[in-house]
Structures are given as C-alpha cells and as structure tokens.
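> A predicted structure for the sequence below; I have some questions about it.
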Amino acid sequence: MKGTVLGIEGTAWNLSAAIVNEKDVIAEVSDMYKPPTGGIHPREAAQHHAKYASYVVKGVLEEAKQKGLDASDIDAISFSQGPGLGACLRTVATAARMLAISLDVPLVGVNHCLAHVEVGRWKTPATDPVTLYVSGANSQVLAYRMGRYRVFGETLDIGLGNAFDKFARSAGLGHPGGPQIEQFARNASTYIPLPYVVKGMDLSFSGLSTAATAALKDNSMEDVCYSFQETAFAMVVEVTERALAHTGKNEVLLAGGVGANMRLREMLDIMCNERGANFYVPEKRFMGDNGAMIAYLGLLMYDSGNVIDVENSHVNPNFRPDDVDVTWIPRDLEEGMQS
Ligand code: AMP
Ligand code: MG
C-alpha cells in the first residue's frame, strides 16, 4: 500500500485532522467542542468546526513539515462523510473539498463507523474481528463478510454513550456522563434490576436510561450507576457473543468512546476467554473519534481506487456501514483473513 493521506474527522464533538501513511500517523491536530452546559448542540458544534478548521489543517501540515513532509506529498484528502450531525458533516466536507481542490488531489468520502473498525485492525493484532462499536451516537456489532461489513446488531434508538449522557444530565452530573458513571459504579453495594432490552440481535437503551433516572428516587447514585452499567454492558456483550457464534470468528475488537470503560472491557474479556476468542482494545487515542482513523481508511480507499468527485461528495447523516463496498479487502484474501 502506497500513499499519504490527510483526513478530517468532525461528525460530532471532535474536530481532528491527521496525516498518515501505511506505516504510522505522521501528524494529528485536534480541537474539541465542549458544550458550556448540557449536551452537544449541533449548530454550535458546527460553528466550532468552521472556526477551527483552518487551525487544525494548518497545524497538521505544519507538524508534518517538521517531519520532512510537504503539502505537495499528500496524495488524497479524506473526510467523514457520515453518519453524524448534518451541520458538522457539511462544515468538514466543505473544508475537505477546498483542500482537495487547492492541492489538486482526489477526495475520499469515509464512513465513520468503518474508520473505527479499520483503525482497530491497523493498531491491534486483530485481522478479522467482530467489532463492538459503542460511542455517543452509535452502537453496532459489525463483522466483515463477502465484500461488506455487515451490521449484526445495533441500537434501535440512541447510542449507549448518549444513554449514559442523558442519564447523567438528568442526574445533575456534567457532560460527558460515561466517565462519571464509571466512577460512581465502583462504590456500589447493590444491583437494582433495570429493563434489559435485547430484541433479536438489536438493542434499545432509551428506556433503560429513563428507568435509571427514575431509580434515583429510591436508590443511591452509586447503585444506580452500577446497575445501569451492568445491564447495558450485559446487553452489548450478549449480542457480541452471538455474532461471534454466528460468524465463527475468533476475535473481538472494541471501538468507540464507551470502550474506555474498564468494566465493559472486563466483561468482554471474560466472554472472550470463555469462548477461546482473542480480545483487542486499541490505544485510547484511536478509540474515540479521531482524525487518524479517517486518514487511515482514506488511505485504504484511495489505494483501492475508491475516490469521489467534488460533485458527488455530499454528506449523509445516516450513512450506514453496510452500504459501503469494501474495495480495500481483496476478495481472494477473505479465506486467509479468517484463518
Ligand atoms: P465517541 O462518540 O466515540 O467520541 O464517545 C463519546 C461517548 O463515550 C460519550 O457518550 C461518553 O459519555 C462515553 N464515554 C467516555 N468515557 C466513558 C467511560 N469511561 N465509560 C462509559 N462511557 C464513556
Ligand atoms: Mg465515533
């Protein structure tokens, strides 16, 4: 694989530009939108991205220059085409188009969910995993099969991170809620039953979040946070395990911001041990939203001829990972991948 790609992520809170080649991340500069109160406000996040777009792009080019790489060495520009907040996606796409035009290089539209998977395959020993991708807005169990990443299970309403954040907001904790819920859960003494909603291979977290808020009336913050985590994590581990059984794969990869949670990692680790599967967690910088993953999948796509014209580069807030034709995994390698 050859080439150097500059990628821009900006689907939600994190605006991040990175330059990668096949060996490693050459440079990365990010600037996070932090809501003053409450959760992510889409328009304010987009305004943040517009304000800092030139800062992250200039910054990453500057950083690369110090390592001997010139802007003229960049072969393609990639960007998060979706899923994500419409206003944020449009802002980042505009910056990417301008950059591609001014450097006279092709544009690559990247599916954000698949970027999480591919950066995990790059930065861990995982080759053909079942991926549990749990972030603010998304919760999916994904695995590759015959030219596509298939969605084996997913949330029917909100992402697990949003469920945590929603509960945290109503409980008077700040944003993001996940890390604080994890802290409280450590000092719990009792498990309180909460709605466990797995429908076939799909999940629902909205009712669970509301029930956790209601449970605060008669229970301690510690016990509610613990019970919320135990219930939600048991649900996602169950679906991940069934995807493993169904596909016959023997690796699990964790992706997305919720993957920072140590209790979730422990539960996945136990399940994988019991099944004789390997469990992989990338370094933290590659787990939440980051520019490097967009640049890296951009490189895989560029290298396999998967580029787009500016005219066809519109964003898609509901872009599904199973809509993407996986050009970067040769079909004759599929057998090898699975061994
Ligand atoms: P992402 O959308 O992938 O950037 O991830 C952001 C989400 O991860 C937010 O909803 C956070 O609440 C959640 N999150 C971050 N750290 C933790 C944690 N330690 N435990 C649970 N959720 C977390
Ligand atoms: Mg994400």
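Right, received. Where do you want to start? Ligands and ions are numbered 1, 2, ... in the order given.

> from here on, just use CA atoms for contacts and neighbour counts.
Noted.

> need the longest helix for the chain.
helix 221-247 (DSSP state H).

> please see if it touches ligand 1.
No. Helix 221-247 is not in contact with ligand 1 by CA under 6 Å from any ligand atom; minimum separation 8.2 Å.

> now for that helix, which elements pack on it?
strand 130-134, strand 139-145, helix 178-185, strand 202-203, helix 206-215, helix 262-275 (3 or more CA pairs under 8 Å, 6 or more residues apart in numbering; DSSP states H and E).

> who does whichever strand or helix holds residue 27 pair up with?
Secondary structure from DSSP states H and E places residue 27 in strand 25-32. The sheet places strand 25-32 alongside strand 14-21 (antiparallel), with pairing taken from DSSP bridges.

> residue 261 is in contact with residue 179, correct?
Yes. Judged on CA atoms under 8 Å, residue 179 makes contact with residue 261 at a distance of 7.4 Å.

> residues from this structure in reach of ligand 1?
Counting by CA under 6 Å from any ligand atom, the chain sits next to ligand 1 at 135-137, 161-162, 164-165, 176-179, 182, 256-258, 260-261, 288-289.

> kindly write the PyMOL command that selects the buried subset of the residues you listed.
Here is the PyMOL selection string for the buried members of the residues of the chain next to ligand 1, based on 16 or more other CA atoms under 10 Å:
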select buried, resi 135+136+137+161+162+164+165+176+177+178+179+182+256+257+258+260+261+288+289
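
> buried sites along the strand holding residue 27?
25, 26, 27, 28, 29, 30, 31.

> and stretch 142-161, by the same measure?
Buried residues in stretch 142-161 (16+ other CA under 10 Å): 142-144, 147-155, 157-161.

> quick one, what contacts the residue nearest the centre of the chain?
Geometric centre of the chain, nearest residue: residue 256, 4.1 Å, by CA atoms, centre = their mean. Applying CA atoms under 8 Å, 6 or more residues apart in numbering to residue 256 gives the contacts 116, 133, 134, 135, 136, 287, 288, 289.

> now do the SS call for the last one.
Which is residue 289. When classified by DSSP: H, G, I helix; E, B strand; the rest coil, residue 289 comes out as coil.

> please apply the same query to the first one.
Taken by three-state DSSP, the conformation at residue 116 corresponds to helix.

> what number of residues lie near it?
27 (other CA atoms under 10 Å).

> tell me who's in contact with it.
133, 255, 256, 286, 287, 289, 293.

> can you pull up the bridge partners for residue 139?
Beta-bridge partners of residue 139, as defined by DSSP bridges: residue 134.
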